[in-house]
Structures are given as structure tokens and as C-alpha cells.
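Engineer: Structure here, sequence nowhere to be found:
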């Protein structure tokens, strides 16, 4: 049996996700969790729910003025989330 170079835990997890076909789902869930980091604590306090459906991030907020403001900066939020993920996962943010 031939020995191979040791792999890091992160590399092993990535290989397992790729083989199981769960990488896209993992990245979508990661995008939901990144919302709080990208928009900050103040905006996240008004967030009640986040889901990703295909390439769209759906976000429910309790503040109408905040919903309107976030629509203007949605492209920057999308860019930041995708940059943090290292892949284009989100193409659109829908604010409810």
C-alpha cells in the first residue's frame, strides 16, 4: 500500500462534501450565516429569518425603513458575501 501525504481536516471535509454533492448546500447555508457578519449587529437585530433558494438570499426584516435602505446597498452585500465564500453563491437578495 502506497502512503500519501497527510491531509488537513479542512481538506478532508471539502473532499467529502464534493464527493457527496453537498458543497452547494453547504455554501448556501454559509451565506445565511455570513449575513450577520456582513451587515453588522444593529441590522441583524431586525432580521427575523434568512434562507437561500437557489441563488437568491431571502431576508425577513421587522423595520420598513431598514428594508428600503438595504435595497440600495444590496449589490455591495452580495459582493461581500460571495467574496467571503470564495465563490458566486448569491446573485440576488430579496428583502421581505
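Structural biologist: That came through fine. Model, not experiment: these values are computed from the prediction.

Engineer: Specify the local secondary structure of the closest residue to residue 78 other than its chain neighbours.
Structural biologist: For residue 78, ignoring the flanking residues on the chain, the nearest one in space by C-beta to C-beta, 6 or more residues apart in numbering is residue 90 at 5.2 Å. (Each C-beta comes from the backbone N, C-alpha and C, glycine too.) Put simply, residue 90 is coil when judged by DSSP: H, G, I helix; E, B strand; the rest coil.

Engineer: who are the neighbours in contact with residue 90?
Structural biologist: 31, 52, 55, 56, 57, 78, 81, 82 (C-beta atoms under 8 Å, 6 or more residues apart in numbering).

Engineer: what about stretch 31-44, distance to the chain center?
Structural biologist: Here stretch 31-44 is found 10 Å from its chain centre; the criterion is C-alpha atoms, centre = their mean, to the nearest Å.

Engineer: For that stretch, buried residues please.
Structural biologist: 31, 32, 34, 35, 38, 39, 43 (16 or more other C-beta atoms under 10 Å).

Engineer: Out of those residues, which is nearest to residue 61?
Structural biologist: Proximity of the buried residues of stretch 31-44 to residue 61 was ranked by C-beta to C-beta; the top entry is residue 43 with 8.1 Å.

Engineer: In a helix, that closest one, correct?
Structural biologist: Yes. Inclusion of residue 43 in a helix is indicated when three-state DSSP is applied.
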